[in-house]
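A.B. asks: requesting a structural model of the entry that follows:
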Amino acid sequence: MTKETIEQTDIITLTNANGTQVKVSALGATVMSFLFKDKDGILRDVVLGYDAPSGYLEHKAGYFGATVGRNANRIANAKCTISGAAYELEANSDQNNLHSGTNGVSHKLWEVEKLDEAANSVTLKFFSAHLEQGFPGNMTMHVTFTLTEDDSLKIAYEAVSDQDTIANFTNHSYFNLAGHNSGCIGKQKLKIYSKEITPLTAALVPSGEIRQVAGTPMDFTEFKEIGRDIDKDYDQLNIAGGYDHNYVLDNNGRLALMAEAVCEETGIHLHAYTDCPGVQFYTGNFISPHTGKDGAAYDKRHAFCLESNYCPNAINIPEFQSPLLKAGETYHSETVYRLSL
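C.D. replies: Numbering: from 1, shown residues only. So this is what the prediction gives:
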């Protein structure tokens, strides 16, 4: 484990005995890199990002590798009701609130609270004041990144608030299992452990409907190439310009597989786990052409995201599992991304 300071930001590098390496920035509690040896022994960085913290500030809209909160994903019409009180949020995605607005924790400087050499982990802390993002309550949040000897990146979130509020965190890493600089991910294969999605309205928020994926281009219940059906003429793909959808998970709050992905070219296999009730599968439809780390050219569909979360707009849809955190109670959630050959 090493710690360095770049552009007044603490950067922590976790390394295991296999040579697998994860670099975490205190700016946005961000995963900057995830290096793993492919089938030929070549060390591949499988997440998109930037060389220094300034790159993440320059490209805020992408949320590359960032911790997202207090609320991940969209809230319709940038409004919600919490314990009987109405709250107006920032409308930063058309009329909706996306990823808690421009004042979310994704671009805040977190405090390095603990470096644990024995566990090969780092814990970051952030204090979010009452109404700082429009949400009620003074909230103290922690996120712990652990790199294990089986090449898992474990991400554990905790939060407590002095008022009833929303707690719904995710990590927004963009994966490309051929390497962050290898271009389109269309040939990489994906399996999602879900038979249902929460379909989107034209405003990119769920209607409250639960739709079966069987017989549609949304079906990833068996491994298939990400690009196989992505341009099919189907209402949900037309609305989002590709995949940008929440898949409903049946894990009953237990840590379980949400998805697997594999790149046959490199042999790298990703197993992704969560205890959340949903996973947002996003294919980088809105990545604009620009330069990433190591001079890499990034563009549309050069990566995919598997963002564990409560279903989008769940605070406003009683049929969805609620992200409400009661005052004084502790929110806890875990996500694991494990690489193998």
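A.B. asks: distance check, the nearest residue to V279 once chain neighbours are set aside against P136.
C.D. replies: Nearest in space to V279, with sequence neighbours left out and distances taken as Cβ to Cβ, 6 or more residues apart in numbering, is M258 at 4.5 Å. Just so you know, the C-beta spots here come from the backbone N, C-alpha and C atoms, and that holds for glycine as well. For M258, the distance to P136 (Cβ to Cβ, to the nearest Å) stands at 30 Å.
A.B. asks: check contacts around the residue nearest to V279.
C.D. replies: Applying Cβ atoms under 8 Å, 6 or more residues apart in numbering to M258 gives the contacts 192-194, 247, 249, 251, 272-274, 276, 279, 306, 308.
A.B. asks: okay if I get these as a markdown table plus distance to G19, secondary structure and neighbour count?
C.D. replies: Output for these, formatted as a markdown table (distance: Cβ to Cβ, whole Å; DSSP: H, G, I helix; E, B strand; the rest coil; neighbours: other Cβ atoms under 10 Å):
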| residue | distance to G19 | secondary structure | neighbour count |
| --- | --- | --- | --- |
| I192 | 30 | strand | 26 |
| Y193 | 30 | coil | 19 |
| S194 | 33 | coil | 22 |
| Y247 | 33 | strand | 23 |
| L249 | 32 | coil | 23 |
| N251 | 32 | coil | 17 |
| A272 | 22 | strand | 21 |
| Y273 | 23 | strand | 20 |
| T274 | 26 | strand | 27 |
| C276 | 30 | coil | 26 |
| V279 | 29 | strand | 26 |
| L306 | 24 | strand | 26 |
| S308 | 27 | strand | 28 |
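A.B. asks: need those residues in a markdown table (columns: distance to C80 and pLDDT).
C.D. replies: A markdown table is the format used below for these (distance: Cβ to Cβ, whole Å; pLDDT from 0 to 100):
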| residue | distance to C80 | pLDDT |
| --- | --- | --- |
| I192 | 27 | 98 |
| Y193 | 29 | 98 |
| S194 | 25 | 98 |
| Y247 | 23 | 98 |
| L249 | 23 | 98 |
| N251 | 25 | 96 |
| A272 | 28 | 98 |
| Y273 | 28 | 98 |
| T274 | 23 | 98 |
| C276 | 19 | 98 |
| V279 | 22 | 98 |
| L306 | 25 | 98 |
| S308 | 21 | 98 |
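A.B. asks: now, which of those sits nearest E88?
C.D. replies: The closest of those to E88 turns out to be C276 (Cβ to Cβ; 26.3 Å).
A.B. asks: pretty sure that closest one contacts V336?
C.D. replies: No. C276 lies out of contact with V336 (Cβ atoms under 8 Å); the separation is 11.7 Å.
A.B. asks: the residue nearest to V279 - that's part of a helix, no?
C.D. replies: No. If the criterion is DSSP: H, G, I helix; E, B strand; the rest coil, then M258 is strand and not within a helix.
A.B. asks: for T291, give me the pLDDT.
C.D. replies: If you check T291, the pLDDT there is 98.
A.B. asks: got the contact list for it?
C.D. replies: Applying Cβ under 8 Å, 6+ apart to T291 gives the contacts A297, Y298.
A.B. asks: go on, H59?
C.D. replies: Per Cβ under 8 Å, 6+ apart, neighbours of H59: Y50, H290.
A.B. asks: from G292, how far out is it?
C.D. replies: H59 is 9 Å from G292, where distance means Cβ to Cβ.
A.B. asks: repeat that for F145.
C.D. replies: In terms of Cβ to Cβ, F145 sits 21 Å off from G292.
A.B. asks: and for H59 and G292, which residues touch both?
C.D. replies: With contacts defined as Cβ under 8 Å, 6+ apart, the residues shared by H59 and G292 are Y50.
A.B. asks: wait, is F64 part of a helix?
C.D. replies: No. Assigned with three-state DSSP, F64 falls outside any helix and is coil.
A.B. asks: what does the pLDDT read for the closest residue to it other than its chain neighbours?
C.D. replies: Take F64 and drop its neighbours on the chain: the residue closest to it by Cβ to Cβ, 6+ apart is G49, 5.1 Å away. pLDDT recorded at G49 is 98.
A.B. asks: for G49, give me phi and psi.
C.D. replies: phi 180, psi -160 (degrees, to the nearest 10).
A.B. asks: for it, grab the count of nearby residues.
C.D. replies: 28 (other Cβ atoms under 10 Å).
A.B. asks: that one: what's it in contact with?
C.D. replies: Residues near G49 by Cβ under 8 Å, 6+ apart: T30, V31, M32, S33, G55, Y56, F64, G65, Y174, H180, G292, K293.
A.B. asks: let me know the closest of these to S128.
C.D. replies: T30 (16.8 Å).
A.B. asks: excluding chain neighbours, what is closest to the closest one?
C.D. replies: G65 (4.4 Å).
A.B. asks: got the buried residues for stretch 228-239?
C.D. replies: By neighbour count with 16 or more other Cβ atoms under 10 Å, stretch 228-239 contains the buried residues D229, I230, Q236, L237, I239.
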